[in-house]
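Trainee: what's the 3D shape of this:
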Amino acid sequence: MNRASKSRGGLHHTIKINYIMMKKWKTRFLSTIVLLAMLLGDINICKAFTASKNTFFAGTSKIMITPGTPIPMRGYGGRTATFKGVHDDLFVRVIVFSDGINKAVLISADVIGFSNSFWEETTQRITKETGIKKEYVLLSAVHNHGGPVTKVYDQDSSSQVNAYVEELKNKIIIATKDAIKNMVPVCIGAGKGMCKMIINRRAPDGKGGIELGQNPYVGL
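Mentor: The predicted structure is shown next:
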């Protein structure tokens with residue numbers, strides 16, 4: 001009796017595991033089909049889940065902002081020399097949203113920061129040249145410690161640095177205009193996940209203290 005019960009229990013456990021594995025496989029298979037359909041353009045996901053009259057639009061653009069001339073880097077006080085080479089190029093990334101009446105823009109740049117004067121002049125130009133209201137402009141830097149100076153504190157005002165800062169302003173404007181040109185009807189979704197690329201470095205050491213490590217369970 002006990003052996004039979006154990007046997008049936010083992011069979012039930014096996015069936016349950018197989019069912020779970022089949023369910024996961026089915027989910028992955030369907031997800032792959034949807035992704036391929038989107039990439040190949042055979043299915044318009046927005047049309048499938050939204051009304052035929054779409055009044056929400058978005059456009060994106062990206063432009064390289066790596067300095068063409070070696071200039072000082074920003075991020076560490078003791079590093080005063082110009083950069084010696086380029087490991088990865090730097091970019092400005094832009095996304096513009098529109099409800100058909102108003103537009104809003106999100107701008108992210110791979111630099112350490114912007115000064116108040118840089119923000120003021122650039123946002124004014126965006127408003128003047130694109131019509132996007134100043135209060136609908138979010139201009140941000142990723143706080144890159146491996147990039148060039150941008151006169152955040154009005155320092156490093158050499159002719160090369162000044163030229164780069166002006167070039168950066170112009171490229172932000174160009175990228176914003178390109179994103180507007182690239183606008184298409186879109187739909188909005190929401191999701192939840194975890195990204196461990198940029199996480200808190202103050203990790204518990206297991207002894208009641210803190211050490212340099214990776215702690216994805218607290219905010220930045």
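
Trainee: how about the nearest residue to Asp89, chain neighbours excluded?
Mentor: Closest residue in space to Asp89, ignoring its immediate chain neighbours: Thr66 at 4.5 Å, by Cβ to Cβ, 6 or more residues apart in numbering. Backbone N, C-alpha and C define where each C-beta goes, glycine included.

Trainee: how much space separates the one you found from Gly75?
Mentor: 16 Å (Cβ to Cβ, to the nearest Å).

Trainee: what do you get for Glu211?
Mentor: With distances defined as Cβ to Cβ, the gap from Glu211 to Gly75 amounts to 23 Å.

Trainee: before we move on, back to that, now do the contacts for the residue nearest to Asp89.
Mentor: Taking Cβ atoms under 8 Å, 6 or more residues apart in numbering as the definition of contact, the neighbours of Thr66 are 86, 89-90.

Trainee: just checking, Ser108 touches Val92?
Mentor: Yes - taking Cβ atoms under 8 Å as the definition, Ser108 is a contact partner of Val92 at 7.1 Å.

Trainee: more crowded one of these two?
Mentor: Val92 (23 against 16; other Cβ atoms under 10 Å).

Trainee: quick check on the more buried one: phi, psi?
Mentor: Per-residue torsions, Val92: phi -110, psi 130 (degrees, to the nearest 10).

Trainee: before we move on, the earlier item: and the residue nearest to Asp89, how far is that from Phe83?
Mentor: In this view, Thr66 and Phe83 are 10 Å apart by Cβ to Cβ.

Trainee: now do the SS call for Glu167.
Mentor: Of the three states, Glu167 takes helix according to DSSP: H, G, I helix; E, B strand; the rest coil.
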